[in-house]
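Enquirer: sequence-free structure coming up:
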């Protein structure tokens, strides 16, 4: 692609939903006065809309937008999330918790796990999770905002209402929404694919011209995949689940502050509690469970009255060869997909939005910017892929061909190295630009049954009594923190009470708390 120097001020976002409106909200907040932003979506098409769990990085996005947390939670029926409970992933009947935040106290030369491992050898250590406040708070159904960031958290939320909430913010900052379906993508040059996208033609004949096009058209990838012909890298060998079926049910108990991930022979099931209902779904391999049977299997594994009928969603795990080609950037499902096991889909949209703001082509597209955008996007998704594959490949389940395959398959070299390093030395290293921190890798690897063969020698500098006091003091601090927290359900109700009767447009106008 030749570098262009023409000014860019007309942005067309093809597709709404979470991806489209997250892009529109941040772009209009930062650059709305300089840009003409149009977003095209059709009420008839709808969105996938099953992603209701998030990770703590979403708080950064909300801070950039100046969002008031309490009114956002009221608008989206959100609850707090302290982590994920993995049920039966190592083996049937064996559970573990992947929490947000850190566990214990690290030394500059070695993480807390090394001191904990020495404590295990000497009979001094409690379970690793007992030194993590998020885990103990989650298991006790407790939550509150703790001073100095004492608890790391994310949200469970209604993705459909979240998109509407961001739409109200975006339109207030000048974004123009266009209702309708795209009939054709118009391009420069006699050979079509030889040039940039110049416009999209609507079914009603209207032509929407633009300088930069954001493809949020879902798995189809109408602009980047179909019009520009960018290929797709298939990861189904490592991630054989290729279907999801989702349903909403009425709440039958108070909302718990974590996501449940329940393992099955054919894949896994999620349960996500909101204020007013529960989100449920199966992620499964079509080789192990048929699309005809999946909805009935899900119905038998939920609690409460069904609020909607289950629907099956087909997908192919993987990523586009590039996510920025010429004057088009794919975001969300149009750019690639890794199943929602660790709630990363909304995070990847957020990262794309922030990355575009950092590399925005205000003076025209520069190839170096395109290359950097693609490099960062590729590395980020491959890191997430490795972390998701880790949950599958280290298992002792013998109840289906799926679990045998993922246990015996050849792994990406990057993941092989991480597992070997931890198994042999207890060490985990995190490059600065990776999403999942050391403690996330440690919790999942130990939860799946990997016990390091040795610990760092710095732990031996502590005598038995000093180590006992060190571990006991951390556990005491954690238990005292958790004991002082209110019940999660009561805290959410109190927080959201002032905003209960406001409309989405009114809520989107509430300033952030300072």
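Expert: Here it is on my side, so go on. None of these values were measured; they are calculated from a predicted model.
Enquirer: ranges for the strands of the stretch 51-200 of the chain?
Expert: In the stretch 51-200 of the chain, the strands defined using DSSP state E, counting those that start in this stretch lie at 79-81, 83-87, 95-99, 154-156, 176-179, 182-187, 197-202.
Enquirer: For these, give me TSV that also has mean neighbour count, distance to residue 479 and mean pLDDT.
Expert: To be clear about C-beta, it is placed using only N, CA and C from the backbone, and glycine gets the same treatment. Formatted as TSV, the strands of the stretch 51-200 of the chain follow (neighbours: other CB atoms under 10 Å; distance: least, CB to CB, whole Å; pLDDT from 0 to 100):
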stretch	mean neighbour count	distance to residue 479	mean pLDDT
strand 79-81	26	20	98
strand 83-87	23	17	98
strand 95-99	22	15	97
strand 154-156	24	23	98
strand 176-179	15	50	97
strand 182-187	17	56	96
strand 197-202	19	58	96
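Enquirer: For residue 451, which of those strands is the nearest?
Expert: Counting by CB to CB, residue 451 lies closest to strand 95-99 out of these; the figure is 12.9 Å.
Enquirer: which helices and strands does that closest one pack with?
Expert: strand 83-87, helix 133-139, helix 438-447 (3 or more CB pairs under 8 Å, 6 or more residues apart in numbering; DSSP states H and E).
Enquirer: Sheet partners, orientation included, of the first one?
Expert: If you go by DSSP bridges, strand 83-87 pairs up with strand 95-99 (antiparallel), strand 259-264 (parallel).
Enquirer: for these, which one sits closest to residue 368?
Expert: Nearest of the strands paired with strand 83-87 (CB to CB): strand 95-99, 37.3 Å.
Enquirer: Give me the residues contacting that closest one.
Expert: Strand 95-99 has contacts (CB atoms under 8 Å, 6 or more residues apart in numbering) with 82-90, 129, 132, 134-135, 138-139, 152, 258, 342, 439-440, 443-444, 446-448.
Enquirer: Now that we have the residues you listed, which of them are buried?
Expert: 82-90, 129, 132, 134-135, 138-139, 152, 258, 342, 439-440, 443-444, 446-448 (16 or more other CB atoms under 10 Å).
Enquirer: Would you agree residue 216 is in contact with residue 12?
Expert: No. Residue 216 lies out of contact with residue 12 (CB atoms under 8 Å); the separation is 10.5 Å.
Enquirer: Would you mind telling me which of the two has the busier surroundings?
Expert: Neighbour count, other CB atoms under 10 Å: between residue 216 and residue 12, residue 216 has more, with 33 against 25.
Enquirer: Now do the same for the residue lying closest to that one once chain neighbours are set aside: its pLDDT.
Expert: Spatial nearest neighbour of residue 216, chain neighbours left out: residue 15 (3.4 Å); criterion: CB to CB, 6 or more residues apart in numbering. In this model, residue 15 is scored at 96, pLDDT.
Enquirer: Can you tell me how far residue 15 is from residue 332?
Expert: 8 Å (CB to CB, to the nearest Å).
Enquirer: and if you look at residue 440?
Expert: In terms of CB to CB, residue 440 sits 23 Å off from residue 332.
Enquirer: burial of residue 229, as a residue count?
Expert: 11.
Enquirer: same deal with residue 305?
Expert: Using other CB under 10 Å: residue 305 sits among 11 other residues.
Enquirer: Was I right to think it contacts residue 251?
Expert: No. With contact defined as CB under 8 Å, residue 305 does not reach residue 251; the gap is 9.8 Å.
Enquirer: For the residue sitting nearest the centre point of the chain, give me its contacts.
Expert: By CA atoms, centre = their mean, the mean C-alpha position of the chain lies nearest to residue 344, the distance being 1.7 Å. Neighbouring residues of residue 344 by CB under 8 Å, 6+ apart: 55, 338, 384, 435.
Enquirer: For those residues, please prepare a markdown table with the additional fields neighbour count.
Expert: Shown next, in a markdown table, are those (neighbours: other CB atoms under 10 Å):
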| residue | neighbour count |
| --- | --- |
| 55 | 23 |
| 338 | 24 |
| 384 | 22 |
| 435 | 18 |
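Enquirer: Okay, now the unreliable bits of the stretch 101-250 of the chain?
Expert: For the stretch 101-250 of the chain, residues meeting the criterion pLDDT under 70 lie at 149, 189-194.
Enquirer: Recalculate using a threshold of 90.
Expert: Confidence mapping of the stretch 101-250 of the chain against pLDDT under 90 gives the ranges 101, 106-109, 146-150, 188-195.
Enquirer: just the helices in it please.
Expert: Secondary structure of the stretch 101-250 of the chain by DSSP state H, counting those that start in this stretch: the helices cover 112-121, 133-139, 159-172.
Enquirer: Return the most buried member of those.
Expert: helix 133-139 (a mean of 25; mean count of other CB atoms under 10 Å).
Enquirer: and the helices of the stretch 101-250 of the chain as CSV, adding distance to residue 497?
Expert: Listed next are those as CSV, based on distance: least, CB to CB, whole Å:
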stretch, distance to residue 497
helix 112-121, 39
helix 133-139, 22
helix 159-172, 18
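Enquirer: So which of these is nearest residue 210?
Expert: helix 159-172 (16.4 Å).
Enquirer: Mind giving me the packing neighbours of that closest one?
Expert: Using 3+ CB pairs under 8 Å, 6+ apart: helix 159-172 touches helix 17-31, helix 69-76, helix 504-507.
Enquirer: Would you convert those helices into TSV that also reports mean neighbour count?
Expert: Shown next, in TSV, are those (neighbours: other CB under 10 Å):
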stretch	mean neighbour count
helix 17-31	25
helix 69-76	23
helix 504-507	17
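Enquirer: Residue 223 is nearest to which of those helices?
Expert: Going by CB to CB, the one of those nearest residue 223 is helix 17-31, 12.4 Å.
Enquirer: Just name whatever secondary elements that closest one is in contact with.
Expert: By 3+ CB pairs under 8 Å, 6+ apart, helix 17-31 packs against strand 10-14, strand 36-41, helix 58-65, helix 159-172, helix 345-358.
Enquirer: Measure how far it is from the centre of its chain, please.
Expert: Put simply, helix 17-31 sits 17 Å off its chain's centre (CA atoms, centre = their mean, to the nearest Å).
Enquirer: Would you mark the buried spots in stretch 364-373?
Expert: Across stretch 364-373, burial judged by 16+ other CB under 10 Å covers 365, 369, 370, 373.
Enquirer: ok, which pair from these is furthest apart?
Expert: 365 and 373, at 10.3 Å, using CB to CB across the buried residues of stretch 364-373.
Enquirer: sorry, back to before: from residue 274, how far off is the residue nearest to the centre of the chain?
Expert: Distance from residue 344 to residue 274, by CB to CB: 19 Å.
Enquirer: now residue 431
Expert: 35 Å.
Enquirer: ditto for residue 340
Expert: Residue 340 sits 16 Å away from residue 274, going by CB to CB.
Enquirer: now do residue 225
Expert: Taken as CB to CB, the span from residue 225 to residue 274 is 33 Å.
Enquirer: Over to residue 435?
Expert: Residue 435 sits 24 Å away from residue 274, going by CB to CB.
Enquirer: Contacts only, for the residue found closest to residue 248 once you drop the neighbours it is linked to in the chain.
Expert: Nearest residue to residue 248, sequence neighbours excluded (CB to CB, 6+ apart): residue 307, at 4.3 Å. Residue 307 is in contact with 247, 248, 249, 250, 277, counting by CB under 8 Å, 6+ apart.
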